[in-house]
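Q: Sequence and predicted model, in that order:
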Amino acid sequence: MDPSQSAPIALAERRLAWLDARQRVLAQNIAHADTPGYRPRDLPDFARLVVQGGAPGVGLARTDQRHLAAASDPRARLDRQATEAAPNGNAVSLDREALRVADTDTAHALAIGLHRRWLGLFRTALGRMQ
């Protein structure tokens, strides 16, 4: 049995891929904090993706170096909680984005910790030291 193919490890890897994608989307929101008319984006909840069977680690593939990279994550959707807008139409709240970045960082640390401990459990069972 390959411990890296177990259900907890696969779920942790899917969560890490989703967190990575969310961090990129949140970074774009912060980068566009002064762009007139910009509406912040966010990814759908991870729990909803797991229930629906979505694949959060899948994105657009660049099959040729001449292809342009995606300007934004295709899974990102407009943030419906962003109701207040500046006079120029920008609805990015740096406070809200900072909280989301912090939540994403905390969730990332938890997923990495679970991943390491689960693999450590197998190493211990095999008699190997970490």
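A: Sure thing, it's come through.
Q: For the protein, just list every one of the helices.
A: Assigned by DSSP state H, the chain shows helices spanning 7-31, 46-52, 94-125.
Q: Return the helix or strand in the protein with minimum mean pLDDT.
A: strand 77-78 (a mean of 58; mean pLDDT, DSSP states H and E).
Q: pLDDT below threshold where in this structure?
A: 1-6, 53-63, 66-87, 128-130 (pLDDT under 70).
Q: Give the buried residues for stretch 20-29.
A: 21-23, 25-26, 28-29 (16 or more other CB atoms under 10 Å). In this view, the C-beta of every residue, glycine as well, is placed from N, C-alpha and C.
Q: was I right about L114 contacting A10?
A: No: using CB atoms under 8 Å, L114 is not in contact with A10, being 11.9 Å away.
Q: which of these two has more neighbours?
A: L114 (15 against 11; other CB atoms under 10 Å).
Q: ok, now which ones touch that one?
A: By CB atoms under 8 Å, 6 or more residues apart in numbering, the residues touching L114 are 8, 12.
Q: Report how many residues lie close to the residue nearest to P8 when sequence neighbours are not counted.
A: Leaving aside its chain neighbours, P8 sits nearest to W118 (5.3 Å; criterion: CB to CB, 6 or more residues apart in numbering). For W118, the neighbour count with other CB under 10 Å is 15.
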